[in-house]
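> This is a predicted model, with the sequence first.
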Amino acid sequence: MVTMTPDTLRTLKRVGIYAGLGLLTFIVTLYMVFPYERAKEAAIRMASKNLDVDVEIGSAGPAFGLAVMFRDIRVRTRPATGKPVRFTIESARFSPSLLAVFTSSFPYSLSMEAMGGKIDLDQSGAPGKKGGFRTELEVRDVAASEIPGLKEAINLPLTGKVNLEAKIASETGRFADANGHLTLSCTGLAAGDGKTQLKIPSVPMLAAGLTLPRIRIGDLGGRVAIEKGTAKLQGVESKSPDGEVALEGEIAFHDPLPATTLNLYLRFKLSDAIMKKEVALQLLPAAAAPGKRPDGSYGVRFGGRFGQMTPPVFTPTSPFVSTAVPIRTPPRIAGAPGAPPAPGAPLPPPSAAVPPPPPPPNPEPAAPPPPPPPPAPEQQGPVPPPNAPPPNPPPPEGAAGAGWKGTPPPAPEAPAAPAENAPGTQPPPEEQPAPAPQ
């Protein structure tokens, strides 16, 4: 056991003081001599290569915890056609991991103040390189009106707050092979402002523009599952006093990420209250008639690349449910021909307007079978066999004592008389007395 003597304590104290002073000197020197301008140029090159955008950074400087702070960042997209989208990021804090010097994946974190909210990104590995990558993204309270490309996608201003959590990983380093999930949660969404016109060149009645009032969408949320580079929307829908909205579709990731394409289908149905209240909405059913669905809602399809969305097209058919428009048949009345009752469900009462059909005619009764043959008359005693000799006549009186020897034979029993008037029988012949012996 080491004994802590006063000299040992003084030595350890001096070592600790020198180490602390050395670390402080290193940090201060690093802050003072760190090439922030070169870091800014490196960030611009990285964004231009990986995101295919033009970036301008106002200033770069130190931040707490061995990090670099970039401020006044202006971003402009590079669309092949159409106008570029511009947006601003107030600040971005770049912080590499302390283990970055010991691994080839170079993990780092990026925290940005942009679009009225906060965006946090944790990255390990670089997309497009071997070894794979892992990305975790969290978006909190971002204003929907400032999301780049969203207004151009729906041709309407959108207000509200957007929250998003995403986890994406790829073993090959390509977004097209990525797997993961996204969770979307939007609060207080509303479309339109009463000033901006909805213009859809493909619809003649909306080509000149239609001014829409503010329509409340409400809280919109759902989950997006990502499998092999394809994200499928699940349960992204909302309901508000102004109507109902449901969004379905797929997002196909490509490399580089800005080449990602969207294929979405939006179903909406406005409430009767807002249709009666807002005069401008009276033209919407006629304009959206090509997209009217059997349930009374309307469908519109749109897609394209980020920042290069194709014009919306009204259609009643969703490409993600079936290729044919479902037809709703009215419920059949119980008892009607061809309307079998649902298993386990009570039969609905017949409608008063439609009388029930007459019962089917009773089948003609079958001819009765012929009566069975009458039973043979019952006889008592043994039945004499056919061709049997007639019984011996009884002996004359007095013969038993004079000339008869032995026991006299028993007298034969008389046959029972058949029942009178029995069906199928004939009256027996009259009995004749036996002839007297001579």
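Okay, I see it. Numbers count the residues shown, from 1 in each chain.
> how many other residues sit next to A92?
21 (other CB atoms under 10 Å). No exception for glycine: its C-beta is placed from N, CA and C like everyone else's.
> That one should be in a strand, yeah?
Yes: assessed with DSSP: H, G, I helix; E, B strand; the rest coil, A92 lies in a strand.
> in which helix or strand would I find G221?
strand 215-227 (DSSP states H and E).
> Figure out how far that strand is from the centre of its chain.
Centroid separation for strand 215-227 versus its chain: 14 Å, with CA atoms, centre = their mean, to the nearest Å.
> what's the answer for stretch 69-80, then?
Averaging C-alpha positions (CA atoms, centre = their mean) puts stretch 69-80 38 Å from its chain's average.
> Kindly export it (C-alpha atoms) in PDB.
Extracted in PDB, the C-alpha atoms of stretch 69-80 (Å, rounded to 0.1, in the frame of the first residue of the first chain):
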ATOM      1  CA  MET A  69     -20.100  27.900 -34.900                       C
ATOM      2  CA  PHE A  70     -21.200  29.000 -38.400                       C
ATOM      3  CA  ARG A  71     -23.600  31.900 -38.600                       C
ATOM      4  CA  ASP A  72     -25.800  33.500 -41.300                       C
ATOM      5  CA  ILE A  73     -25.900  30.600 -43.700                       C
ATOM      6  CA  ARG A  74     -27.700  31.200 -47.000                       C
ATOM      7  CA  VAL A  75     -28.700  28.100 -49.100                       C
ATOM      8  CA  ARG A  76     -29.900  28.000 -52.700                       C
ATOM      9  CA  THR A  77     -31.000  24.900 -54.500                       C
ATOM     10  CA  ARG A  78     -29.900  23.900 -58.100                       C
ATOM     11  CA  PRO A  79     -33.000  22.900 -59.900                       C
ATOM     12  CA  ALA A  80     -32.700  21.700 -63.500                       C
END
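> who touches that stretch?
For stretch 69-80, the external contacting residues (CB atoms under 8 Å, 6 or more residues apart in numbering) are 40, 43, 47, 52-63, 84-94, 148-149, 258, 306-308.
> ok, now stretch 254-265?
50-53, 77, 127-128, 153, 174-176, 229, 233, 247-253, 299-307, 309, 318-320.
> got it, and stretch 164-177?
Contacts for stretch 164-177 (CB under 8 Å, 6+ apart): 125-139, 142, 178-185, 226, 228-229, 253-257, 260.
> Equivalent analysis for stretch 121-141, please.
With contacts defined as CB under 8 Å, 6+ apart, stretch 121-141 is touched by 50, 104-112, 116-120, 161-175, 255-257.
> Now, of the residues you listed, which are buried?
Neighbour-count burial within the contacts of stretch 121-141 applies to 105, 109-112, 117, 119, 161-164, 166-170, 173-175, 255; the criterion is 16 or more other CB atoms under 10 Å.
> Among the residues you listed, which lie within helices?
Using DSSP state H, no member of the buried ones among the contacts of stretch 121-141 sits in helices.
> Model confidence for F314, exactly?
pLDDT, F314: 90.
> Give me the distance between the closest residue to it other than its chain neighbours and V75.
Spatial nearest neighbour of F314, excluding adjacent residues (CB to CB, 6 or more residues apart in numbering): G291 at 3.1 Å. Per CB to CB, to the nearest Å, G291 is found 34 Å from V75.
> now swap in T260 and tell me
T260 is 17 Å from V75, by CB to CB.
> Check R93 too.
In terms of CB to CB, R93 sits 17 Å off from V75.
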